[in-house]
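Peer 1: Okay, structure incoming, though there's no sequence with it:
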């Protein structure tokens, strides 16, 4: 009996969540616009930072993994690395701004009612815009190395959708966790660095063995990163089993994170 009741309650929560998001869609737009302007306020390069950092990291690691410790990637390493860094930076940037999104907007959290998930979701959307800007360099690299898209490019929207779902779910968890436990923002930088090196950002899973290789294979970010390389660079569809497992994890994690976040909103004002 408890299962139908739980599912009914969960469905009710989702209807309420979706209804609120639609009702406050204009606020989400305004918050995203504000965050985008603040991020690049008084910067000389502006959106150029979305391109500059992945390019610099690509150049550094290209020297390391093509000259010092060569890796077998079956595709030009700069293209391999930039694709991984670009996609990773979208998630990492989203997490970095989402983790303090509630605490840095304490006045709004305590005084005005609206769906608080707007803050971390806004952080994800702003990072998604950076991701789109940085993609121009990826297209340029593909042209330079004469890597042309195939029919597999049709799967790109699905890969992006799963990536966004996973990123939003972690962003909601981080924002909520940092509100209740301020230690989270201090641990975050260490965790995000370790996470990058345990994902297939700079080297393929096939080049890593032992426990590290198994952790990388089980890491939900790894199939997402490899899926981008598959559909964009390798000209093939993502591994169906591997990518499907990540899709299921992303859907379940987003559902759980959003419902828990929504139910905890009544306690946010007391913990700001």
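Peer 2: Looks like it came in fine. The shown structure was predicted, so the numbers you read here are calculated from the model rather than taken from an experiment.
Peer 1: Next, the buried residues of the top helix by length along the chain.
Peer 2: Longest helix in the chain by number of residues (criterion: DSSP state H): helix 118-144. For helix 118-144, the neighbour count (16 or more other CB atoms under 10 Å) marks 118-131, 133-135, 137-138, 141-142 as buried. The C-beta positions use only the backbone N, C-alpha and C, and glycine is treated the same way.
Peer 1: Now the element after that helix, going C-ward?
Peer 2: Of the helices and strands lying after helix 118-144 in sequence (DSSP states H and E), the nearest is helix 156-180.
Peer 1: which helices and strands sit right next to that next one?
Peer 2: helix 77-98, helix 118-144, helix 184-197, helix 221-229, helix 240-264, helix 268-271 (3 or more CB pairs under 8 Å, 6 or more residues apart in numbering; DSSP states H and E).
Peer 1: tilt between that helix and helix 184-197?
Peer 2: 150 degrees (axes from the mean of the first three to the mean of the last three CA atoms, to 10 degrees).
Peer 1: Give me the buried positions along helix 156-180.
Peer 2: So, applying 16+ other CB under 10 Å, buried residues of helix 156-180: 159-160, 162-179.
Peer 1: Just give me the lowest mean pLDDT stretch among the helices and strands packed on helix 156-180.
Peer 2: When the helices and strands packed on helix 156-180 are compared by mean pLDDT, helix 268-271 comes last with a mean of 69.
Peer 1: Could you measure from the residue nearest in space to the middle of the chain over to residue 195?
Peer 2: By CA atoms, centre = their mean, the chain has its centre lying nearest to residue 91, at 2.5 Å. Distance of residue 91 to residue 195, computed by CB to CB, to the nearest Å: 9 Å.
Peer 1: which residues do these two both contact?
Peer 2: residue 221 (CB atoms under 8 Å, 6 or more residues apart in numbering).
Peer 1: hang on, isn't residue 238 packed against residue 159?
Peer 2: Yes - assessed by CB atoms under 8 Å, residue 238 is found in contact with residue 159 at 6.8 Å.
Peer 1: what is in contact with the two at once?
Peer 2: 227, 231.
Peer 1: Chain neighbours aside, what residue packs nearest to residue 224?
Peer 2: When the adjacent residues along the chain are set aside, residue 224 lies closest to residue 163, with 5.1 Å between them (CB to CB, 6 or more residues apart in numbering).
Peer 1: Please report how far that neighbour lies from residue 210.
Peer 2: With CB to CB as the criterion, residue 163 and residue 210 are 27 Å apart.
Peer 1: likewise residue 19?
Peer 2: From residue 19 over to residue 210 (counting by CB to CB), the distance is 49 Å.
Peer 1: Neighbour count for the two, which is higher?
Peer 2: The neighbour count for residue 19 versus residue 210, taken as other CB atoms under 10 Å, is higher for residue 19 (11 against 7).
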